[in-house]
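Asks: 3D model of this:
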Amino acid sequence: MQQMIGKMARMYPMLIALGLMIVAVALVVGTANAQTAESYFGQSKLVRESTLMPQRAALESTGLWLPYFKFLGIGLLLGGIVMALRVIIDNLKAVGAEALSGLPEGQRPQLPSPPWFAALMPALMMLGLVVLIAALVISLGLAGTARQVFAHPLPEIDAAGAGTALLAQLQTIQATSAWLVPLKFMGVATEFLAIVTGLATILFVLGAKTELLGQVFGRGRNAVPAVAADQRPVEKARA
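Replies: The predicted structure follows:
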């Protein structure tokens, strides 16, 4: 399982490129939406509320799903950082094993195991991405509902009575948006937690390997004078 995760982690440039592409697409969509807003709010209130319903529906629906699309791009960028950290951890393990490979088999110490929280890093990254993807899917559903609601003139929406389908749709949009906003921040926070876990693992591995290599090669340097000192009496006796 860990070997498969290590192989997948080496594809981190692809994940970073995908995240950058999503953010760039979001910028293009946002620019187009800004032009629609400029055209819409350039008209009088009476015209906006009575004849520009398609523009209003486009503005409302895009405003619902575009932030979650951008956050998914950011989440992919953070996921790429997490995978890059995994590559660094694997490289540190390989360097430690190579440094000890010159020792005899019986004197070769075992490399320290990674900390228990190291296994949480890929799980947290995947959890964050799943949360962000789920938030985007839900926001797309809300955007479709918003297009239906704001296809009606605003006076008709304001006059909708209790129990009507129009008011129920508007209620769904407002209620779902209230908890969907903190959900996307939870996804990003989970990605940052995965990064913190990766950095903590790197610090642990560096500290453990530095201490181990210092002990091993420190003993090796001290052993040379000891052997030489033991041989001096023998040399004097031969003389």
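Asks: where are the low-confidence patches of the chain?
Replies: Within the chain, the stretches with pLDDT under 70 are 1-3, 5-6, 99-111, 213, 215-239.
Asks: which stretches in it count as helices?
Replies: 2-9, 12-40, 45-51, 53-100, 120-149, 154-158, 165-238 (DSSP state H).
Asks: now distance to Ser113 and mean neighbour count too, for these, in a markdown table please.
Replies: Every residue, glycine included, has its C-beta placed from N, CA and C. Listed next are the helices of the chain as a markdown table, based on distance: least, Cβ to Cβ, whole Å; neighbours: other Cβ atoms under 10 Å:
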| stretch | distance to Ser113 | mean neighbour count |
| --- | --- | --- |
| helix 2-9 | 12 | 13 |
| helix 12-40 | 24 | 14 |
| helix 45-51 | 65 | 12 |
| helix 53-100 | 10 | 19 |
| helix 120-149 | 15 | 19 |
| helix 154-158 | 61 | 13 |
| helix 165-238 | 9 | 14 |
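Asks: can you redo those helices as CSV with distance to Pro114?
Replies: Listed next are the helices of the chain as CSV, based on distance: least, Cβ to Cβ, whole Å:
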stretch, distance to Pro114
helix 2-9, 9
helix 12-40, 19
helix 45-51, 60
helix 53-100, 7
helix 120-149, 10
helix 154-158, 57
helix 165-238, 6
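Asks: between these, which gets nearest to Pro112?
Replies: Closest to Pro112 of the helices of the chain, according to Cβ to Cβ: helix 165-238, at 4.0 Å.
Asks: burial count for Gly163?
Replies: 7 (other Cβ atoms under 10 Å).
Asks: residue contacts, it?
Replies: By Cβ atoms under 8 Å, 6 or more residues apart in numbering, the contact set of Gly163 is empty.
Asks: likewise for Ile22?
Replies: Residues in contact with Ile22, defined by Cβ under 8 Å, 6+ apart, are 69-70, 72-73, 76.
Asks: so how far is stretch 10-30 off the chain centroid?
Replies: Relative to the centre of its chain, stretch 10-30 is centred 12 Å away, using Cα atoms, centre = their mean, to the nearest Å.
Asks: against Gly141, how distant is Tyr68?
Replies: Taking Cβ to Cβ, to the nearest Å as the measure, Tyr68 falls 11 Å from Gly141.
Asks: over to Ala97?
Replies: Noted for Ala97: a distance of 50 Å to Gly141, by Cβ to Cβ.
Asks: kindly report the same for Ile22.
Replies: From Ile22 across to Gly141, the span is 19 Å (Cβ to Cβ).
Asks: for Pro155, same thing?
Replies: For Pro155, the distance to Gly141 - Cβ to Cβ - is 26 Å.
Asks: cool, and Leu132?
Replies: 15 Å.
Asks: was I right to think Pro112 contacts Leu206?
Replies: No: between Pro112 and Leu206 there is no contact under Cβ atoms under 8 Å: 10.8 Å.
Asks: could you find the closest non-adjacent residue to Gln148?
Replies: Closest residue to Gln148 apart from its sequence neighbours, by Cβ to Cβ, 6 or more residues apart in numbering: Gln169 at 6.3 Å.
Asks: show me what contacts the one you found?
Replies: With Cβ under 8 Å, 6+ apart, Gln169 has these contacts: 145, 148-149.
Asks: and what of Pro155?
Replies: 49-50.
Asks: one more time with 7 Å
Replies: Glu49 (Cβ atoms under 7 Å, 6 or more residues apart in numbering).
Asks: now Ile88
Replies: By Cβ under 7 Å, 6+ apart, the residues touching Ile88 are Ile202.
Asks: and Ala200, by the same measure?
Replies: So, once contact is read as Cβ under 7 Å, 6+ apart, Ala200 ends up touching Phe117.
Asks: switch the cut-off to 8 Å
Replies: Ala200 makes contacts with 115, 117, as judged by Cβ under 8 Å, 6+ apart.
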